[in-house]
Every structure is written in C-alpha cells, then in structure tokens.
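> Here is my input; please provide its structure:
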Amino acid sequence: MRLPDNCSIRPGIPGQHRSFWQKLEDREYIKFPGLEPDSYHIGLYHEGKLVGWAWLKHLSRVPYLGIAILKEYRRKSYGTSMIQCMVEKAKEVGAEKIEAGYLSGNPAGLFYKKLGFRIVATGETADKRVYYKAVRRIDYGL
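Numbering: from 1, shown residues only. Next up, the predicted model:
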C-alpha cells in the first residue's frame, strides 16, 4: 500500500507521542504506550503533523501491537500501511505471530479482522467490559 505524497511513516521519537495522545478523543480504548527498550514505535505524519502512532511491545517474545490514529485520518488506509510496517518489523525479529487487543464496541475489531487477525481469547476488564485478544500469524512466504 502506497501512502499519498503528503504522508509518511517514520520511526517514533521519544516524547513526541505525548502530545499526540492528548489529542485522541477515544483514548479510553488504549493504554498509554511507554517507550520500553523491547519495543518499536512509528509515527504517521500528514503534511508534517503527527496524526497516528503505532507500537510493537515485547519484541523478544510475542510482539503486542497497538495503533491509534486521529479520528479525521481514519478510514483512509493509513492504518493498514502502519500495520504492514509493523508486520515487517515483526519479521525482522523472527516473530511467528503478533497479538493485538481491543474492547467490545471498538471498531478496531473489524479493522484487525480485515488484516488477518483472529480472536483467540476473550476476557473481562475490571469495569466489566469485554476484552478480545487477537493474533495474526506472520507469513514468511516459505
């Protein structure tokens, strides 16, 4: 998937993501990602403005994926491009699969399903919301 000329995906810069999270209207669905040593982060930029952030945590085990994009930049295939970047990073570290999670009612569930993730477990949060764990196997084309 090719991004428009006015968009780019670059490695995330420590500290830059903090202002981005403050702009998210639906941040209740995501946990604030720190920049752990065993993680990889990317930013999505539109005309130089940070409009999306994605991360893989636990690269030495089963990488856990998270993604957030400002509402006005969703449904433009940017998230798909960001996930493709993260799948490539997972391949670089030899991962067999990547995990993602989302809460009931979050449209991310359909997004992940479209990109090949399958629900492998469900649970309940402390405030009684249903949580889904989804996994996507990494295809090495062997």
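
> Every contact and neighbour count from this point should use C-alpha atoms.
OK.

> Assign a three-state SS to residue 85, would you?
Counting by DSSP: H, G, I helix; E, B strand; the rest coil, the backbone at residue 85 sits in helix.

> Looking at it now. What's its pLDDT?
Looking at residue 85, its pLDDT reads 86.

> low-confidence ranges in this protein?
Counting by pLDDT under 70, the ranges of the chain that qualify are 1-37, 142.

> For it, which segments count as strands?
7-11, 39-46, 49-57, 64-69, 97-103, 118-124, 130-137 (DSSP state E).

> For the fourth one, which helices and strands make contact with it?
Right, the one you point to is strand 64-69. strand 49-57, helix 78-92, strand 97-103 (3 or more Cα pairs under 8 Å, 6 or more residues apart in numbering; DSSP states H and E).

> Of the ones you listed, which is nearest residue 67?
Among the helices and strands packed on strand 64-69, the nearest to residue 67 by Cα to Cα is strand 49-57 (4.1 Å).

> Which residues does that closest one contact?
For strand 49-57, the external contacting residues (Cα atoms under 8 Å, 6 or more residues apart in numbering) are 12, 17, 20, 33, 36, 38-45, 63-70, 73, 82-83, 86.

> how far away is the residue most central in space within the chain from residue 132?
With distances taken as Cα atoms, centre = their mean, residue 67 lies nearest the centre of the chain, 2.6 Å away. Residue 67 sits 15 Å away from residue 132, taking Cα to Cα, to the nearest Å as the criterion.

> picking up where we left off before, dump the helices and strands packed on strand 64-69 into a markdown table; add mean neighbour count and distance to residue 138 as well.
Formatted as a markdown table, the helices and strands packed on strand 64-69 follow (neighbours: other Cα atoms under 10 Å; distance: least, Cα to Cα, whole Å):
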| stretch | mean neighbour count | distance to residue 138 |
| --- | --- | --- |
| strand 49-57 | 23 | 14 |
| helix 78-92 | 18 | 7 |
| strand 97-103 | 20 | 5 |
